[in-house]
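**Student:** Show me the folded form of this:
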Amino acid sequence: MALIEILLLSLAGSYAIVHLSYLSAVAKSPTTQYAISFPTLAILQGLFYAIYHWLIYPNFISPLRSLPEPKAPSFWNGHGKEIVAKKTGEPHKGWIKTIPNDGLIYYKGLLNRERLLPTNPKVLAEVLNSQSYIFVKPQFFRFSLRLLGNGILMAEGDEHKRQRKILTPAFHPRHLRSLFPLFWSKTREMVDLITAEIQASDAPDPIVDFNGWGSRCTLDIIGTAGAGIEFNAMKDPENELFKIYQKVFTPSPGQLWMGILNLIMPFWFMQNLPVKAVRDVTRAKNFIMKVCLDMIKTKKAQMAEKKPMHPDILSIMIEEGSLSDEEMQNQLMTFMAAGHETTAAAVSWSVWELARRPEVAERLRAEIRAAIPVFDSDSITMEQIESIRYLRNFTNEILRFHPPVPVTIREAEKNTTLNGQFIPKGTTVMLMPSVINHSQELWGPDAAEFIPERWDKPGGNGGAASNYANLTFLMGPRSCIGQKFSVEEYKAIIVGLAGRFAFEEKTKDMELNVRAGITQRPTHEGILPLRTRIVPGW
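**Tutor:** As a prediction, the model looks like this:
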């Protein structure tokens with residue numbers, strides 16, 4: 001919008017300059033005068049706009065400057081250098097411990113972009129609940145998350161309410177119970193394939209990449225449970241759909257630069273940039289859109305022929321009848337991308353923690369085998385999985401300690417207030433599960449420790465001071481509609497992996513990187529390599 005305003009003002013100013021003959025001494029031709037005046041005015045206005053929003057407004061004018069702020073921000077780049085240099089959320093964890101505040105901390109990110117960090121349940125409840133349709137997803141999300149389609153994740157206001165009402169039956173516990181056999185079937189398939197991979201190796205403790213296996217398994221699950229389609233990503237490591245998601249969810253340097261540019265440039269400009277990073281994502285989006293449309297056509301044909309089928313989310317959407325093919329295509333894009341990648345990240349963190357904590361792994365394996373004596377069974381139920389208390393503790397603690405989506409962003413759609421503080425339209429609010437889930441104020445002095453036993457405390461909330469202490473699935477009307485689906489799928493996978501295998505780090509001094517992107521997961525040299533052995537007896 002700012003770019004359009006600059007161009008229109010430059011055009012008006014150029015018209016006035018030419019008609020008042022201010023440039024007649026420089027050029028006789030009106031065309032030449034326009035050619036000189038228009039770009040000059042546009043450049044000057046652009047420079048003034050950039051300087052004002054980059055340096056003047058955040059440093060001298062913003063009404064948010066009175067809020068508590070971390071020390072020593074750069075005049076030119078705020079706290080951007082510290083944020084980029086550290087892992088996602090690390091600076092913010094320090095800030096909420098050391099900066100006295102009443103629920104809001106103000107800081108400046110890259111290029112002095114103003115940010116607000118909510119720190120207590122009262123402010124979080126305002127953003128996520130009472131004002132959830134005022135604090136919306138920012139426009140730059142349209143470019144960054146375009147692989148997710150324009151489904152429920154990106155919808156706002158009344159359109160979001162409509163979509164959530166239509167889709168809620170697909171995630172009802174009764175329907176999830178009918179989907180559980182699909183979760184278990186794919187878990188067994190993955191465990192059997194990993195077992196075969198280990199047995200075919202000459203190494204005593206072969207290296208297995210669990211980032212790859214987790215993503216391929218969850219992609220296959222979302223295919224069958226979401227649309228009754230077999231992607232066969234586990235059987236084929238070179239599966240095209242898996243490779244596309246793998247590529248776009250592992251940001252290249254070019255994509256990271258596009259992400260920074262996306263903060264200041266409009267969507268239409270970004271999506272038309274003639275650069276490889278943009279072309280790669282556009283090709284990926286077009287391929288996924290075609291896959292989703294083919295799934296809809298196939299499912300409609302099957303339903304018309306009244307073929308016997310497992311229940312799936314797409315069938316429910318078609319039977320409900322309120323969504324067009326294009327809307328269903330967008331919902332499938334959302335479920336496929338967000339649904340498989342987030343659960344896969346939780347699986348990666350789980351096996352990593354089991355490799356580092358053998359006592360946890362042994363206890364979990366013992367309780368799994370006691371509850372489910374025979375692995376190769378088609379009759380395992382969701383109730384059996386739910387009965388394993390330590391599994392509940394372990395998975396809850398993984399999701400608290402390592403939230404797959406460490407940060408999400410909201411923007412004030414209009415002027416409003418938070419905890420009595422005036423919030424101008426356009427203000428960016430950072431919702432950070434990776435920070436809030438580790439808050440000592442909300443979780444106690446052991447918040448930064450991995451303790452599955454905390455979930456044995458009365459109340460079933462891990463001893464948290466508030467429901468808003470755990471933001472892994474957010475809260476309120478915009479909370480994750482697929483939360484129960486994801487958790488049950490995740491638990492089934494962990495039962496299979498922890499029940500059959502023992503894990504160790506590749507080397508004791510293995511350097512772990514945390515791969516940043518839409519989700520966050522552990523990596524070493526691009527994969528998650530763990531020494532893996534079969535534990536006999538299951």
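**Student:** quick one: the strands in this structure?
**Tutor:** 104-108, 114-118, 135-136, 207-209, 408-412, 416-418, 421-423, 428-431, 501-505, 513-515, 521-523, 529-534 (DSSP state E).
**Student:** Please convert the ones you listed to TSV, extending it with mean pLDDT.
**Tutor:** Formatted as TSV, these follow (pLDDT from 0 to 100):
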stretch	mean pLDDT
strand 104-108	98
strand 114-118	98
strand 135-136	97
strand 207-209	97
strand 408-412	96
strand 416-418	98
strand 421-423	98
strand 428-431	98
strand 501-505	96
strand 513-515	75
strand 521-523	91
strand 529-534	96
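**Student:** of all these, which lies closest to residue 284?
**Tutor:** In this view, these are compared for proximity to residue 284 by Cβ to Cβ, and strand 513-515 is the closest at 17.8 Å. C-betas here are computed from N, CA, C, even on glycine.
**Student:** confidence score at residue 72?
**Tutor:** Note on residue 72: pLDDT of 80.
**Student:** what's the neighbour count on it?
**Tutor:** If you count neighbours by other Cβ atoms under 10 Å, residue 72 ends up with 7.
**Student:** now do the one 4 residues further on
**Tutor:** Taking other Cβ under 10 Å as the criterion, the count of residues near residue 76 is 13.
**Student:** Next up, the contacts around residue 190.
**Tutor:** Shown in contact with residue 190 (Cβ atoms under 8 Å, 6 or more residues apart in numbering): 213, 216, 217, 234, 493, 496, 497.
**Student:** typo on my end, residue 410
**Tutor:** 127, 135, 136, 137, 138, 428, 429, 431.
**Student:** Quick one: the strands of the chain as JSON lines, columns for distance to residue 447 too.
**Tutor:** Formatted as JSON lines, the strands of the chain follow (distance: least, Cβ to Cβ, whole Å):
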{"stretch": "strand 104-108", "distance to residue 447": "17"}
{"stretch": "strand 114-118", "distance to residue 447": "17"}
{"stretch": "strand 135-136", "distance to residue 447": "25"}
{"stretch": "strand 207-209", "distance to residue 447": "31"}
{"stretch": "strand 408-412", "distance to residue 447": "20"}
{"stretch": "strand 416-418", "distance to residue 447": "24"}
{"stretch": "strand 421-423", "distance to residue 447": "26"}
{"stretch": "strand 428-431", "distance to residue 447": "18"}
{"stretch": "strand 501-505", "distance to residue 447": "25"}
{"stretch": "strand 513-515", "distance to residue 447": "19"}
{"stretch": "strand 521-523", "distance to residue 447": "20"}
{"stretch": "strand 529-534", "distance to residue 447": "27"}
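**Student:** circling back to that earlier point, farthest-apart pair in the contacts of residue 410, please.
**Tutor:** So, the contacts of residue 410 by Cβ to Cβ: farthest apart are 127 and 138, at 13.5 Å.
**Student:** Tell me which of those two has more neighbours.
**Tutor:** residue 127 (25 against 18).
**Student:** ok, that one to residue 99 distance?
**Tutor:** 19 Å (Cβ to Cβ, to the nearest Å).
**Student:** can you check residue 434 too?
**Tutor:** 17 Å.
**Student:** higher neighbour count, these two?
**Tutor:** residue 434 (22 against 17).
**Student:** Flag the shaky bits of the stretch 401-538 of the chain, pLDDT-wise.
**Tutor:** 515-517 (pLDDT under 70).
**Student:** For the closest residue to residue 96 other than its chain neighbours, what are phi and psi?
**Tutor:** When the adjacent residues along the chain are set aside, residue 96 lies closest to residue 119, with 5.0 Å between them (Cβ to Cβ, 6 or more residues apart in numbering). Dihedral angles of residue 119 (phi, psi; degrees, to the nearest 10) stand at phi -120, psi -10.
**Student:** contacting residues around residue 119?
**Tutor:** 96, 101, 103, 104, 105, 436, 439, 441.
**Student:** Give the PyMOL command for selecting the buried subset of those residues.
**Tutor:** The PyMOL command for the buried members of the contacts of residue 119 (criterion: 16 or more other Cβ atoms under 10 Å) is given here:
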select buried, resi 96+101+103+104+105+436+439
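**Student:** Please narrow the contacts of residue 119 to those residing in helices.
**Tutor:** Under the assignment DSSP state H, those contribute 96, 436, 441 to helices.
**Student:** hang on, the second one packs against residue 124?
**Tutor:** Yes - with contacts counted by Cβ atoms under 8 Å, residue 436 reaches residue 124, the gap being 7.2 Å.
**Student:** and for those two, which residues touch both?
**Tutor:** With Cβ under 8 Å, 6+ apart, residue 436 and residue 124 have common neighbours 468, 471.
**Student:** hmm, back to that, so which of the contacts of residue 410 comes closest to residue 369?
**Tutor:** Nearest member of the contacts of residue 410 to residue 369, counting by Cβ to Cβ, is residue 431, at 39.0 Å.
**Student:** Just to check, that closest one is in contact with residue 474?
**Tutor:** Yes - counting by Cβ under 8 Å, residue 431 does reach residue 474; the two are 7.1 Å apart.
**Student:** what residues do the two have in common as contacts?
**Tutor:** What both residue 431 and residue 474 touch, as defined by Cβ under 8 Å, 6+ apart, is the set 128, 408.
**Student:** check contacts around residue 54.
**Tutor:** 111, 112 are the contacts of residue 54 under Cβ under 8 Å, 6+ apart.
**Student:** if I look at it, how far off is residue 108?
**Tutor:** Taking Cβ to Cβ, one finds residue 54 at 10 Å from residue 108.
**Student:** One more: residue 440?
**Tutor:** In terms of Cβ to Cβ, residue 440 sits 25 Å off from residue 108.
**Student:** who's more crowded, the two?
**Tutor:** Taking residue 440 and residue 108 together and counting by other Cβ under 10 Å, residue 108 has the greater number of neighbours (25 against 13).
**Student:** for residue 222, what are its contacts?
**Tutor:** 335, 336, 339, 340 are the contacts of residue 222 under Cβ under 8 Å, 6+ apart.
**Student:** Just the pLDDT for the closest residue to residue 23 other than its chain neighbours.
**Tutor:** Nearest residue to residue 23, sequence neighbours excluded (Cβ to Cβ, 6+ apart): residue 33, at 4.4 Å. According to the prediction, residue 33 has pLDDT 77.
**Student:** How about residue 1?
**Tutor:** 56.
**Student:** gap between the two ends of stretch 455-473?
**Tutor:** One end of stretch 455-473 sits 17 Å from the other (Cα to Cα, to the nearest Å).
**Student:** now swap in stretch 137-149 and tell me
**Tutor:** So stretch 137-149: terminal residues 14 Å apart, Cα to Cα.
**Student:** average pLDDT for it?
**Tutor:** Here the average pLDDT along stretch 137-149 is 81.
**Student:** next one: it to chain centre, how far?
**Tutor:** 11 Å (Cα atoms, centre = their mean, to the nearest Å).
**Student:** So for that stretch, what gets flagged as buried?
**Tutor:** Buried, per 16+ other Cβ under 10 Å, within stretch 137-149: 137, 138, 140, 141, 142, 143, 144, 145, 146, 147, 148, 149.
**Student:** which residues are contacting it?
**Tutor:** Taking Cβ under 8 Å, 6+ apart as the rule, stretch 137-149 contacts 153-154, 156, 248, 258-259, 262-263, 266-267, 270-271, 281, 284-285, 288-289, 292, 329-334, 337-338, 409-411, 428, 518.
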